[in-house]
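>>> Pasting the sequence and the predicted coordinates here, then a few questions.
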Amino acid sequence: MSTGRGRRLSRFGRLRRVGLIVLAVLLLHVIAVVWIARNHQVMWPPEPEQIVPALLLRPEPVQPPAPPAPKVAPTTKPRPTAPRPQATPTPAPTPVPAAPNIANMDPEDFSGASAQASANSGVVSDPGAQGPGTAPSGANFSLPPSATLHYATYVNGVRNEDGVIRWATDGKTYTLAVEIPLPLFFGTLAFRSAGNVGTYGLAPARYEEVRGRRQADVTTFHYAAEATPASGAQSASTVTFTRTPAVLSLPEGTQDRFSVFLQLTGLARGKPERIASPGLTLEIPIADTDSVEVARVQHIGEETIDTPNGTIRAQHFIRLPRRADDKRRVEIWLSAERGWLPVRLRQTEPNGMQFDLVYQSQEGG
């Protein structure tokens, strides 16, 4: 009897020890999860870097249109009669360049999508001397040449596969593709924009956003046609979405969520001393996948960016909260050393997920 009782007690003791070990392991896991959550919590709003805006910029033509040519008074001097010449055929009007169609375009094609985009676009041409839809000019805006940029990608601080930005332009149209691989088997974040270069700089025509394996959300920009002499009427510019049936008014100078980065690049290349002014705040209408809102982009200051290949001096910009409950944070760093192209992009989603792109290398630009 005593032997059987001893065995039961011994077995009970072993089970109790195993249970205590399992409980201890679970407790350690809970402590670890709490510690990681507290130390990786994304704070919003961010630590106050309050800068009183010294200069507020709203969308404006990058150069005023050329003044109309003075009218020449008709002469009354009689002319001798002469044989009536035959009328020469009127040449056909030059068509306005159409924005590249990105609906079925493979991302690899973006690097050459803009009609053999020139790598030496420089400052674009005079809007007063060309037709609608052509590139603007002036000291306030300069298109960056075509380039492919490679980035080290971090998701919630963890190094991921490399990301890429493909920018292509021929001076009149542009295409932009941003690809951020997601961890494991979740797919890729892809943001694509295509459009023309107009009076206010970039003029998006179509914006696509693909998150992982979900269907693409598309935003389409419809620009007003010029008034006809017969009616004098002019249609209104609008924007439409696939996520919602809403048809919203399209303010002048509107950008999409990623064309705004290259719009900033063009403004910085055109007038760097203004874009890097302390306290500069730009008001830019931005079309999302279901709305159009005016975003306030503020210059924070110059900072040093640590990259896998060394440090880069860059100007830090942040999109200010659009409203009290706005928890999406968007930041960009532009570097004069890299032609004012983005050397870092960081976006914090409302759910706390953070995507960080840090410059590695580039081709072109």
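Yep, it's here.

>>> mind listing what residue 308 touches?
Taking CB atoms under 8 Å, 6 or more residues apart in numbering, we find residue 308 in contact with 152, 358, 360. Every residue, glycine included, has its C-beta placed from N, CA and C.

>>> can you count the residues close to the last one?
The reference is to residue 360. By other CB atoms under 10 Å, the residues close to residue 360 number 17.

>>> I'd say it and residue 159 touch.
No. Judged on CB atoms under 8 Å, residue 360 makes no contact with residue 159 at a distance of 11.8 Å.

>>> who touches both of the two?
Common neighbours of residue 360 and residue 159 are listed as residue 152 (criterion: CB under 8 Å, 6+ apart).

>>> which residues of the stretch 151-300 of the chain fall in helices?
Applying DSSP state H, counting those that start in this stretch to the stretch 151-300 of the chain gives helices spanning 259-270, 272-275.

>>> Mean neighbour count added to those, as JSON lines?
As requested, the helices of the stretch 151-300 of the chain are exported to JSON lines (neighbours: other CB atoms under 10 Å):
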{"stretch": "helix 259-270", "mean neighbour count": "24"}
{"stretch": "helix 272-275", "mean neighbour count": "15"}
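
>>> Ok, which of those comes nearest residue 326?
Residue 326 sits nearest to helix 259-270 of all these, at 16.1 Å, using CB to CB.

>>> And the lowest mean pLDDT element among the helices and strands of this structure?
Ranked by mean pLDDT, DSSP states H and E, the weakest helix or strand in the chain is helix 2-39, scoring a mean of 60.

>>> what inclination does the longest strand anywhere in the chain have with respect to helix 259-270?
Criterion DSSP state E: the longest strand present in the chain is strand 292-307. Orientation check (axes from the mean of the first three to the mean of the last three CA atoms, to 10 degrees): strand 292-307 against helix 259-270 gives 70 degrees.

>>> taking the mean pLDDT, what do you get for strand 292-307?
Confidence for strand 292-307, expressed as mean pLDDT, is 95.

>>> residues in contact with whatever helix or strand comes next after that strand?
As assigned by DSSP states H and E, the chain's next helix or strand after strand 292-307 is strand 310-319. With contact meaning CB under 8 Å, 6+ apart, strand 310-319 is reached by 46, 49, 264, 268, 275-276, 295-305, 329-338, 343-344, 359.
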